[in-house]
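Undergrad: heads up, no residue letters with this:
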């Protein structure tokens with residue numbers, strides 16, 4: 001199981017995701033460009049000392065990421081898709097999150113093997129990307145038996 005972040009905008013969210021991934025033993029791919037310097041203080045503050053030990057692979061762009069990863073991409077999206085409770089995960093899936101400001105472009109949507117949305121109450125647009133990552137990752141790990149010992 002991996003997490004991929006497509007052109008993230010907010011250092012604090014990336015730091016929080018790196019902390020979560022480190023605690024749960026999940027690798028993270030960061031698809032650049034980022035909307036902040038990767039050494040940003042907000043990244044360090046949210047990730048605390050966990051971010052320094054995170055298993056992170058940085059990719060120069062979408063093409064570089066796609067060349068290096070062949071597993072199924074599961075895109076978390078607010079624009080339709082399979083409700084999270086109905087999604088079925090595999091141990092080698094990559095959970096892909098879009099940027100906070102723009103999501104992902106259509107060609108990235110098209111590359112996803114599965115599009116998943118987290119059901120929410122009527123009238124609400126979206127969750128914070130770090131929170132959504134934690135929710136989806138928790139369900140994926142539960143289904144695949146991947147919780148750390």
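TA: Thanks, I have the structure now. Here the structure is a predicted model, which is why all the values come from computation and not from measurement.

Undergrad: Strands of the chain, start to end?
TA: 2-6, 27-31, 56-59, 73-76, 82-83, 94-97, 114-117 (DSSP state E).

Undergrad: residues touching residue 139, list them.
TA: 84, 85, 87, 89 (CB atoms under 8 Å, 6 or more residues apart in numbering). Heads up, the C-betas are built off the backbone N, CA and C, glycines and all.

Undergrad: Report the separation between it and residue 20.
TA: As for residue 139, its distance to residue 20 is 13 Å (criterion: CB to CB, to the nearest Å).

Undergrad: ok, now residue 142?
TA: On the measure of CB to CB, residue 142 and residue 20 end up 15 Å apart.

Undergrad: Which one's more surrounded, these two?
TA: Legend: neighbour count by other CB atoms under 10 Å for residue 142 and residue 20, higher for residue 20 (21 against 11).

Undergrad: I figured the more buried one hits residue 130, correct?
TA: Yes: the criterion here is CB atoms under 8 Å, and residue 20 meets it with residue 130 at 7.4 Å.

Undergrad: lowest-pLDDT helix or strand in the chain?
TA: Every helix and strand of the chain was ranked by mean pLDDT, DSSP states H and E. The lowest is helix 41-47, at a mean of 61.

Undergrad: which of the contacts of residue 139 are buried?
TA: 84, 87, 89 (16 or more other CB atoms under 10 Å).

Undergrad: Dump those into a markdown table; add distance to residue 24 as well.
TA: Listed next are the buried ones among the contacts of residue 139 as a markdown table, based on distance: CB to CB, whole Å:
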| residue | distance to residue 24 |
| --- | --- |
| 84 | 17 |
| 87 | 18 |
| 89 | 14 |
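
Undergrad: what's the closest of those to residue 68?
TA: residue 89 (20.9 Å; CB to CB).

Undergrad: Residue 145 is in contact with the closest one, correct?
TA: No: if you go by CB under 8 Å, residue 89 and residue 145 don't touch, sitting 10.6 Å apart.

Undergrad: Chain neighbours aside, what residue packs nearest to residue 77?
TA: Distance criterion CB to CB, 6 or more residues apart in numbering; nearest residue to residue 77, sequence neighbours excluded, is residue 115 at 5.1 Å.
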